[in-house]
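> what's the 3D shape of this:
(one chain, ligands or ions: 1)
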Amino acid sequence: MANFRTHLSVAAAGGAVLAHGGWQAGLWSAVDSLPILALTALGGILPDIDSDSSKAIRLIFNLLAVPAVVAAAVMLQPRLSDGALLLVCGAIYLGVRYVAGAVFARFTVHRGLWHSLLAGAMCGLATSAISYRLFPLSEALAWAHGGALAVGFAIHLLLDEIYSVDLEGARLKRSFGTAFKPFDFRDPGNSLAMLCVTLSLAPWLPSWDGLLALAQQGQALMPGGWR
Ligand SMILES: [Zn+2]
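Residues are numbered from 1 along each chain as shown. Next comes the predicted model:
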């Protein structure tokens with residue numbers, strides 16, 4: 001399998017191409033291209049959330065704790081005093097960083113459910129929902145955020161598959177076919193549960209018209225695209 005550094009650098013490079021391309025095409029501003037790059041890079045390491053390797057999991061949960069705290073602060077600020085808010089945010093940070101990390105390490109199988117396109121779709125849609133609901137963004141940009149994360153996720157899965165091909169002998173290692181898959185065939189129960197979670201995000205998503213607008217804008221600018 002590809003190692004952590006490879007995942008991060010390839011996804012960051014992909015994110016740079018995506019962010020720059022979208023900016024040049026007029027899909028978003030120069031400033032807006034930074035979160036696009038960051039989200040693609042995050043997506044590129046996110047599937048290894050299921051690995052028990054300490055480095056990946058520590059970094060991922062550190063990164064996830066930050067938006068969790070920001071989200072909590074935005075939502076709870078009108079309701080709590082400053083002191084209480086600080087305590088709650090501290091508790092949320094520690095909860096995400098340590099408790100959620102430990103639960104994940106205990107209950108997930110490496111290259112199981114989290115190494116699937118379904119997981120990528122779920123994380124991408126969740127990103128769009130969070131971007132749209134918590135920040136004053138246009139629908140198209142919120143969709144772009146989710147799309148960037150999903151692209152990074154797909155890059156990770158592809159890299160894992162590429163690395164499972166023994167390049168010298170052109171033989172397939174046993175891990176082939178365990179990363180780039182629509183869902184976890186060996187675990188239909190949890191795959192179904194993940195599908196339900198994915199579908200339940202629908203009420204929080206930006207409108208599909210926003211996605212359509214983004215797609216049309218992107219397509220119109222593509223050389224040889226439908227006009
Ligand atoms: Zn992986």
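
> residue 88 touches residue 80, doesn't it?
Yes: when contacts are counted by C-beta atoms under 8 Å, residue 88 is listed as touching residue 80 (6.6 Å). In this view, the C-beta of every residue, glycine as well, is placed from N, C-alpha and C.

> what about residue 96, neighbour count?
By the criterion of other C-beta atoms under 10 Å, residue 96 has 20 neighbours.

> please look at it and residue 60 and confirm they touch.
No: using C-beta under 8 Å, residue 96 is not in contact with residue 60; the gap is 10.3 Å.

> buried stuff in stretch 6-18?
For stretch 6-18, burial by neighbour count (16 or more other C-beta atoms under 10 Å) applies to 6, 7, 8, 10, 11, 12, 14, 15, 18.

> among these, which are located in helices?
Counting by DSSP state H, those place 6, 7, 8, 10, 11, 12, 14, 15, 18 in helices.

> okay, those residues in CSV with distance to the ion next?
Conversion of those to CSV gives the following (distance: C-beta to the ion, whole Å):
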residue, distance to the ion
6, 10
7, 7
8, 12
10, 12
11, 11
12, 16
14, 15
15, 17
18, 20
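
> ok, those vs residue 153, which is closest?
Using C-beta to C-beta, residue 11 comes nearest to residue 153 of those, at 8.7 Å.

> and the closest one, how far is that from residue 117?
Per C-beta to C-beta, to the nearest Å, residue 11 is found 16 Å from residue 117.

> swap in residue 162?
Going from residue 162 to residue 117 by C-beta to C-beta gives 16 Å.

> could you do residue 216 as well?
24 Å.

> who has more neighbours, these two?
Shown here are residue 216 and residue 117; by other C-beta under 10 Å, residue 117 has more neighbours (16 against 13).

> before I go, just wanted to say thanks for your time.
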